[in-house]
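Colleague: Structure for the following, please:
(one chain, ligands or ions: 2)
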Amino acid sequence: MFLRRCSVESPSNCVPLSTLILHRLFSSNSNDDVQKVFGVLSSTSTPEQLKQSLKSTGVFLSNDIIDQVLKRVRFSHGNPSQTLEFFRYTGRRKGFYHTAFSLDTMLYILGRSRMFGHVWDLLIEARRKDQALITVRTVMVVLGRIAKVCSVRQTVESFRKFRKLVPDFDTNCFNALLRTLCQEKSMTDARNVYHSLKHGFRPNLQTFNILLSGWKTPQDADGFFKEMKEMGVTPDVVTYNSLVDVYCKGREIEKAYKLLDEMRDRDLSPDVITYTCIIGGLGLIGQPDKARNVLKEMKEYGCFPDVAAYNAAIRNFCITKRLGDAYGLVEEMVGKGFSPNATTYNLFFRVFYWSNDWQSSWNLYMRMMVEGCLPNTQSCMFLVRLFKRYEKVDMAMQLWGDMVEKGFGSYTLVSDVLFDLLCDMGKLGEAEKCFLEMVEKGQKPSNVSFRRIKVLMELANRHEALQSLTQKMAMFKRPLHHDQSTVSPIDTSGSLSTQCQLMMAK
Ligand SMILES: *[C@@H]1O[C@H](CO)[C@@H](O)[C@H](O)[C@H]1NC(C)=O
Ligand SMILES: *[C@@H]1O[C@H](CO)[C@@H](O)[C@H](O)[C@H]1NC(C)=O
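Modeller: Residues are numbered from 1 along each chain as shown. Ligands and ions are numbered 1, 2, ... in the order given. Alright, predicted model coming up:
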């Protein structure tokens, strides 16, 4: 293949191609190299040690290796200071330029550890050396970390600093800010910031699609839709879907239908998401049959229902307790080659839960396991709570056994209910077994559960077993690797606001 490419292109292109092949050969070992370099970052603590150890590995620090090392640091929460040292050291080599990916990953790592001063220093260095590395993605990465711990005002101030850093401080950057605010703060914050900054940018389709998603009331969404049209920005399917969704959730189904007409007038075809919103909306106003007809109707428009559309229609029948109709749709769905997923099953589990129908719950659970669909935490909770209420120890134990064997559901949430049941029923042996299985999985049983088991064990004079469990509990008390990003802002509010202010002062 390489040869063919060479013969087509000019001979001079063959040289880089052969280097490419060589590079490929080398990169088959790149995993080892990444591991070696990563090992150096974790085992050294001063810049000098770092340089010495890097040299002695003999690894050639290519862009590819650096990208991968940084990625490894990111996912395994490596030491940010040594990583920064590594980034700077490799970047100082003559004629070497970091990739945009390396820069963004480095900034992410620093931001996660709230080393905002270094974030800005690094950005200023990058601007000097190769400004093209600073992209919209960089803006997203940095603002995302800042918005997580600082105020909206501080996030916006940080955004303004990018004017001098990013080559094109344009609408895409503005959109990055709005998206960050939607994700890390609130829709209302995003909306306010939009209004205060919109005159400096030309809001585009993307801008409005960000602002229109996730509204709770039609009025808010309407305002933006109007503004969008006034600015001459043409809506697309995503825009309309946001509006249809908000109308359907607000039970204004007539208005939602009007939007569908408007879409068709504009030659935009409603898609499966649009129809799924309509199906949900019809359910909310108590019209499950009409919603089922939408499944047929959409096909006439050439749009085929998916699992989500079926789930929406099934949910409507479950809400009205018309389980026969709901099952009918499951059969139809299966006939079309779609497998019901945990969400589908949960619709039924919820009905059984509220009608105390442990037998049907159990049967459905069995069917689920036969079909090979793994329950999620919600399914497990419906089941285990019902089993507790009806003192079905065997069923609860089988559920737990399946969870442990197949690895589904939250051990923490389910075990609390399970231990309650087992202790109520005096099933000390079973409780001990589950306790040990949980610990084996690296999960800590709750203090409440432990105390209940402890009391029973003391009563039963099982002091040795108790001692063993106590030791296991104690193992969880040792502070784990302390990751700064998991420190809640409340714990460190004093120093945190100082960090944000320092960052602003730079
Ligand atoms: C089930 O499928 C729907 C549609 O694809 C999806 O939205 C939902 O998250 C899935 N549920 C689970 C538990 O995976
Ligand atoms: C559980 O108990 C231990 C010691 O008895 C305590 O250090 C820990 O904070 C408790 N955890 C919770 C979540 O209450």
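Colleague: and the residue of the stretch 101-250 of the chain nearest ligand 1?
Modeller: residue 245 (14.0 Å; C-beta to the nearest ligand atom). For the C-beta atoms, the positions are set from N, CA and C on the backbone; glycine is no exception.
Colleague: Excluding chain neighbours, what is closest to that residue?
Modeller: residue 277 (4.6 Å; C-beta to C-beta, 6 or more residues apart in numbering).
Colleague: What strand or helix carries that neighbour?
Modeller: Using DSSP states H and E, the element containing residue 277 is helix 272-284.
Colleague: Show me what the helix or strand just after that helix is packed against.
Modeller: As assigned by DSSP H and E, the chain's next helix or strand after helix 272-284 is helix 288-300. Applying 3 or more C-beta pairs under 8 Å, 6 or more residues apart in numbering; DSSP states H and E, one finds that helix 288-300 makes contact with helix 272-284, helix 307-319, helix 323-335.
Colleague: what does helix 288-300 contact?
Modeller: 270, 272, 275, 278-280, 282-283, 304-305, 309-310, 312-313, 316-317, 319-320, 322, 325, 329 (C-beta atoms under 8 Å, 6 or more residues apart in numbering).
Colleague: go on, stretch 186-205?
Modeller: By C-beta under 8 Å, 6+ apart, stretch 186-205 touches 152, 156, 170-171, 174-175, 177-178, 181-182, 207, 210-211, 214-215, 220, 224, 228, 231, 233-236, 239.
Colleague: so how far does it reach from one end to the other?
Modeller: Length of stretch 186-205, first residue to last, C-alpha to C-alpha, to the nearest Å: 20 Å.
Colleague: what distance separates it from the centre of its chain?
Modeller: Put simply, stretch 186-205 sits 25 Å off its chain's centre (C-alpha atoms, centre = their mean, to the nearest Å).
Colleague: by how many degrees do the host helix or strand of residue 260 and helix 272-284 diverge?
Modeller: Residue 260 belongs to helix 253-265 when elements are defined using DSSP H and E. Put simply, helix 253-265 runs at 160 degrees to helix 272-284, going by axes from the mean of the first three to the mean of the last three C-alpha atoms, to 10 degrees.
Colleague: for the protein, which residue is closest to the average position?
Modeller: Closest to where the C-alpha atoms of the chain average out (C-alpha atoms, centre = their mean) is residue 183, at 11.0 Å.
Colleague: which ones are touching that residue?
Modeller: 144, 147.
Colleague: how far away is it from residue 158?
Modeller: 15 Å (C-beta to C-beta, to the nearest Å).
Colleague: before we move on, what about residue 343?
Modeller: For residue 343 relative to residue 158 (C-beta to C-beta), the value is 38 Å.
Colleague: quick one: which of these two has more around it?
Modeller: Each of residue 343 and residue 158 has its neighbours counted (other C-beta atoms under 10 Å); residue 158 has more, 24 against 15.
Colleague: Quick check: chain neighbours aside, which residue is closest to that one?
Modeller: For residue 158, the closest residue by C-beta to C-beta, 6+ apart turns out to be residue 146, at 5.0 Å.
Colleague: Run a quick check on that neighbour versus residue 155, I expect a contact.
Modeller: Yes - when contacts are counted by C-beta atoms under 8 Å, residue 146 is listed as touching residue 155 (5.3 Å).
Colleague: Residues that sit against both of those two, list them.
Modeller: With C-beta under 8 Å, 6+ apart, residue 146 and residue 155 have no common neighbours.
Colleague: For residue 39, which of the helices and strands packed on helix 288-300 is the nearest?
Modeller: When the helices and strands packed on helix 288-300 are compared by C-beta to C-beta, helix 307-319 sits nearest residue 39, at 44.3 Å.
Colleague: buried residues in the closest one?
Modeller: Of all the residues in helix 307-319, those buried under the rule 16 or more other C-beta atoms under 10 Å are 308-319.
Colleague: ok, and what's touching that helix?
Modeller: By C-beta under 8 Å, 6+ apart, helix 307-319 touches 272-273, 275-276, 279-280, 282-283, 287-288, 291-292, 294-295, 298, 305, 323, 325-326, 329-330, 332-333, 338-341, 343-344, 347-348, 350-351.
Colleague: hmm, which of those residues are the buried ones?
Modeller: Counted by 16+ other C-beta under 10 Å, these give 273, 275-276, 279-280, 282-283, 287-288, 291-292, 294-295, 298, 305, 323, 325-326, 329-330, 332-333, 338, 340, 344, 347-348, 350-351 as buried.
Colleague: Touching, residue 472 and residue 440? I think so.
Modeller: No - taking contacts as C-beta under 8 Å, residue 472 lies outside contact range of residue 440: 9.5 Å.
Colleague: who's more crowded, those two?
Modeller: residue 472 (17 against 10).
Colleague: other SSEs contacting whatever helix or strand the more buried one lives in?
Modeller: Here residue 472, judged by DSSP H and E, is contained in helix 463-475. Counting contacts by 3+ C-beta pairs under 8 Å, 6+ apart, helix 463-475 is packed against helix 428-440, helix 447-459.
Colleague: Can you point out the buried residues in the first one?
Modeller: I take that to be helix 428-440. Per 16+ other C-beta under 10 Å, helix 428-440 contains these buried residues: 428, 430-435, 437-439.
Colleague: Could you find the closest non-adjacent residue to residue 33?
Modeller: residue 59 (4.5 Å).
Colleague: Next: residue 345.
Modeller: residue 368 is the one closest to residue 345 (C-beta to C-beta, 6+ apart), at 5.5 Å.
Colleague: Pull the distance from the helix or strand hosting the one you found to the chain's centre.
Modeller: With elements taken from DSSP H and E, the one containing residue 368 is helix 358-371. Relative to its parent chain, helix 358-371 has a centroid offset of 30 Å by C-alpha atoms, centre = their mean.
Colleague: Now do that helix: which elements does it pack against?
Modeller: Looks like helix 358-371 contacts helix 342-354, helix 377-389, helix 393-406 (3+ C-beta pairs under 8 Å, 6+ apart).
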